[in-house]
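*Asks:* I would like to see how this sequence folds:
(2 chains)
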2 protein chains.
Amino acid sequence: EIVEVVEAVLNRRRDFADVRVLVTAGATWEPFDPVRILSNRSTGKMGYAVAEAARDRGATVTLVAGPGELRSPEGVRLIRVETALEMRDAVLANLPMHDVLIKAAAVSDYRPAVVHPSKVKKTEGPLTVELVRNPDILMEVSRHRRPDQVIVGFAAETEDVEKNALEKLRRKNLDYIVANDVSMAGAGFAVDTNIVTIYGRDGTALALPPLSKREVADRLLDVIRDTRGKVGAGS
Amino acid sequence: EIVEVVEAVLNRRRDFADVRVLVTAGATWEPFDPVRILSNRSTGKMGYAVAEAARDRGATVTLVAGPGELRSPEGVRLIRVETALEMRDAVLANLPMHDVLIKAAAVSDYRPAVVHPSKVKKTEGPLTVELVRNPDILMEVSRHRRPDQVIVGFAAETEDVEKNALEKLRRKNLDYIVANDVSMAGAGFAVDTNIVTIYGRDGTALALPPLSKREVADRLLDVIRDTRGKVGAGS
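*Replies:* This is a model prediction of the structure:
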């Protein structure tokens, strides 16, 4: 019995050997001028946890990370980006060489329409900022993906979590979506725990209890491992 | 001679004993909804370096810090804030109990006029965000300060650095302003070095070479130490 447990642990440890995993993490910064930015509350902890878990289980990991103070994980190829446009370019350029994409980054939907080359001096009155849509990276991924690739998105919602997540799963042709209600305590941004439900394109829904982000990452990798080969666009 | 050097080091180490120093650090986050924020590139490194330098020289230090992943410095009273309004309240509430205020935080000048309680769903077209001015914390400080207090501001500029810094020094009734050109390599945000000029209300200007932020902090404390008692509003 002990041998079986040890074997299970060892097997689990290496169950992503020869699997190339592309992970995105963190927020993007969308500059308004050289000082001011539009961003969001993501700190990158969830994506970094996924990258480290995949590395520990034997995967070859590329991590595309937005700005932030989290340390570079050892043994992971790190690509630093700042804006959604840079994130898009990095993801699309690296996608063909990977088997799995786990897109944990919280990419800004919008960016300022005008980027001022010098710091805009403040004035007394209000200020109106015009924002334009950033490209939808997962939508572009869904057009470039191969059927044998596994594509996982995240959905950070504050209401109608299941409905919004399932709609995103279908529209973006994902294999899985990890949905969390970022308005709950112990879930979402800048904390070390998360409360998620993993929805699959086959209709399965795995609701997990509150777990550390590392444990969430390992449960997600379990799901991907158990169904790899069975998923893919058009299957 | 060796004794003198050692004594100088030891004296310097404790030259802020019995001095109460209030430091602010980092950016603020101005929420647009529960996910999206307006912010700036400050990571808090300069302010944390000032807090640690003052602590090491014997000061009693209170650090008011914006969001971010920098660790809490040991032996410093840390007050975490998120928005400019929270920063203002924390600074004004703590100002009376301190001898020196070093305002290294990069507080957002503006905040979204409307804060949406739920995540705003994106639409296809552009989005216009109305921003309103945040209170000018240093301006309010200049109205509440005592003449025996030393007030130090920072100016992050990208052009006309000296002119903008001196104008801010006068208008906000500061004792010193630490000006840096954040468009220069090795200066400003998210790097470990800085290139600054310290301007005093008496007209002195101390241009420093590129230094670590910790060294900049110590040079600034040297200036404050050498002139404490000689400065103050109305002097």
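*Asks:* If you tally nearby residues, what's the number for the residue lying closest to residue A:104 once chain neighbours are set aside?
*Replies:* In space, and not counting its chain neighbours, residue A:104 is closest to residue A:47: 3.5 Å by Cβ to Cβ, 6 or more residues apart in numbering or on different chains. To be clear about C-beta, it is placed using only N, CA and C from the backbone, and glycine gets the same treatment. When counting by other Cβ atoms under 10 Å in any protein chain shown, one arrives at 27 neighbours for residue A:47.
*Asks:* what residues are up against residue A:47?
*Replies:* When contacts are counted by Cβ atoms under 8 Å, 6 or more residues apart in numbering or on different chains, residue A:47 is found next to A:23, A:24, A:25, A:26, A:63, A:65, A:102, A:104, A:105.
*Asks:* For chain B, state which of those is nearest.
*Replies:* Using Cβ to the nearest Cβ, residue A:26 comes nearest to chain B of the contacts of residue A:47, at 10.8 Å.
*Asks:* how many neighbours does the closest one have?
*Replies:* Using other Cβ under 10 Å as the criterion, residue A:26 is surrounded by 28 other residues.
*Asks:* just checking, residue A:200 touches residue A:223?
*Replies:* Yes. Between residue A:200 and residue A:223 there is a contact under Cβ atoms under 8 Å: 7.4 Å.
*Asks:* Tell me where the model's unsure across chain A.
*Replies:* A:1-12, A:229-235 (pLDDT under 70).
*Asks:* residue ranges of the strands in it, please?
*Replies:* Assigned by DSSP state E, chain A shows strands spanning A:20-25, A:30-31, A:36-40, A:60-65, A:77-80, A:100-103, A:110-112, A:127-133, A:150-157, A:176-181, A:193-194, A:196-200, A:205-207, A:211-212.
*Asks:* how far out from the middle of the chain is the longest one?
*Replies:* If I follow you right, that is strand A:150-157. On the basis of Cα atoms, centre = their mean, to the nearest Å, strand A:150-157 sits 6 Å off its chain's mean C-alpha point.
*Asks:* Could you do stretch A:16-28 as well?
*Replies:* Between the centre of stretch A:16-28 and the centre of its chain there are 8 Å (Cα atoms, centre = their mean).
*Asks:* ends of it, how far apart?
*Replies:* Terminal residues of stretch A:16-28 are spaced 28 Å apart (Cα to Cα, to the nearest Å).
*Asks:* Please see if that stretch touches chain B.
*Replies:* No. With Cβ under 8 Å from any Cβ of the partner chain as the criterion, chain B is not reached by stretch A:16-28; the gap is at least 8.8 Å.
*Asks:* so what secondary structure elements neighbour the helix ranked longest in chain A?
*Replies:* Ranked by number of residues, the top helix in chain A under DSSP state H is helix A:213-227. Under the contact criterion of 3 or more Cβ pairs under 8 Å, 6 or more residues apart in numbering or on different chains; DSSP states H and E, helix A:213-227 touches helix A:45-56, strand A:150-157, strand A:176-181, strand A:193-194, strand A:196-200.
*Asks:* And the residue nearest the centre of chain A, how far from residue A:217?
*Replies:* When Cα atoms, centre = their mean is applied to chain A, the residue found nearest the centroid is residue A:104 (1.1 Å). Relative to residue A:217, residue A:104 is positioned 9 Å away (Cβ to Cβ, to the nearest Å).
*Asks:* list residues touching both of these two?
*Replies:* The contact lists of residue A:104 and residue A:217 share A:46, A:50, where a contact means Cβ under 8 Å, 6+ apart.
*Asks:* circling back to that earlier point, the residue nearest to the centre of chain A: what's it in contact with?
*Replies:* A:23, A:24, A:25, A:46, A:47, A:50, A:154, A:178.
*Asks:* just to revisit the earlier point, nearest to residue B:120, out of the strands of chain A?
*Replies:* Closest to residue B:120 of those is strand A:110-112 (Cβ to Cβ; 9.8 Å).
*Asks:* and the closest one, how far from the chain's centre?
*Replies:* Per Cα atoms, centre = their mean, the centroid offset for strand A:110-112 relative to its chain is 20 Å.
*Asks:* neighbouring strands for it, and are they parallel or not?
*Replies:* With DSSP bridges as the test, strand A:110-112 is paired with strand A:127-133 (antiparallel).
*Asks:* who touches the partner strand?
*Replies:* A:32, A:38, A:109-114, B:110, B:122, B:124-132.
*Asks:* repeat that for 10 Å
*Replies:* Strand A:127-133 is touched from outside by A:30, A:32, A:36, A:38, A:84, A:108-114, A:120, B:32, B:36, B:38, B:109-110, B:112-113, B:122-133, with contacts defined as Cβ atoms under 10 Å, 6 or more residues apart in numbering or on different chains.
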